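**Student:** sequence and predicted structure below; questions after.
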Amino acid sequence: MTKPYYETQNGLDFTCTRCGRCCERPGPVFFSDDDLDRAAAFEKITPKAFVKRHGLIEVDGIHALDLPDGTPCSFFDKLKGCQIYEGRPIQCKTWPFWKEVVTRKDSWNRAAEECPGMNQGEHHTPTEIREAIDACKNQGLPEGDAW
Ligand code: SF4
Ligand code: SF4
């Protein structure tokens, strides 16, 4: 079987520059049950109240914020960044180490065109990347198409 890209490179470089582009791009922001618990605790409300307050819907059986294209994530503030940073969901914590991004070189490079934090900064080992992939899987997050 062909080795995934991140293994052929013995890991990948990434440090977030906090530019905020990923918080403004289209696509659902998934909240697993654990994510919901954490984000709701951050806002000091119940998970149910969090779902209602932020208008989360179900996408592929998981709660998600799914806004129309061109609408930034509701938790994003242009000046201050993510307003639930400590309680942000696993999807955001593990970026860009998603299976659909790190498996193929062309996917990684396409994503890097949008994310200036990639290909620079801290080196992340294959083990760290595998842990990120597993964390998303274990939370039941759907795997997207290759980038
Ligand atoms: S696009 Fe990349 S560098 Fe910019 S905030 Fe998102 S993860 Fe960080
Ligand atoms: S939850 Fe926070 S980190 Fe995640 S997309 Fe929204 S603003 Fe960005």
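**Tutor:** All right, it came through fine. Ligands and ions are numbered 1, 2, ... in the order given.
**Student:** when you work out contacts or count neighbours from here on, use the C-alpha atoms and nothing else.
**Tutor:** Will do.
**Student:** would you mark the buried spots in the longest helix along the chain?
**Tutor:** Ordering each helix of the chain by length in residues (DSSP state H) puts helix 126-138 first. Buried residues in helix 126-138, counted by 16 or more other Cα atoms under 10 Å: 126, 129-130, 132-136.
**Student:** and of those residues, the nearest to Val51?
**Tutor:** Nearest to Val51 among the buried residues of helix 126-138, counting by Cα to Cα, is Cys136 at 20.1 Å.
**Student:** burial of Glu86, as a residue count?
**Tutor:** 11 (other Cα atoms under 10 Å).
**Student:** contact partners for it?
**Tutor:** With contact taken as Cα atoms under 8 Å, 6 or more residues apart in numbering, Glu86 is in contact with Phe42.
**Student:** assumed it was part of a helix.
**Tutor:** Yes: assessed by DSSP: H, G, I helix; E, B strand; the rest coil, Glu86 belongs to a helix.
**Student:** give me the distance between it and ligand 1.
**Tutor:** Using Cα to the nearest ligand atom, to the nearest Å, Glu86 is found at 15 Å from ligand 1.
**Student:** and Ala132, by the same measure?
**Tutor:** 14 Å.
**Student:** residue contacts, that residue?
**Tutor:** Shown in contact with Ala132 (Cα under 8 Å, 6+ apart): 94, 97-98.
**Student:** please apply the same query to Ser74.
**Tutor:** So Ser74 contacts His54 (Cα under 8 Å, 6+ apart).
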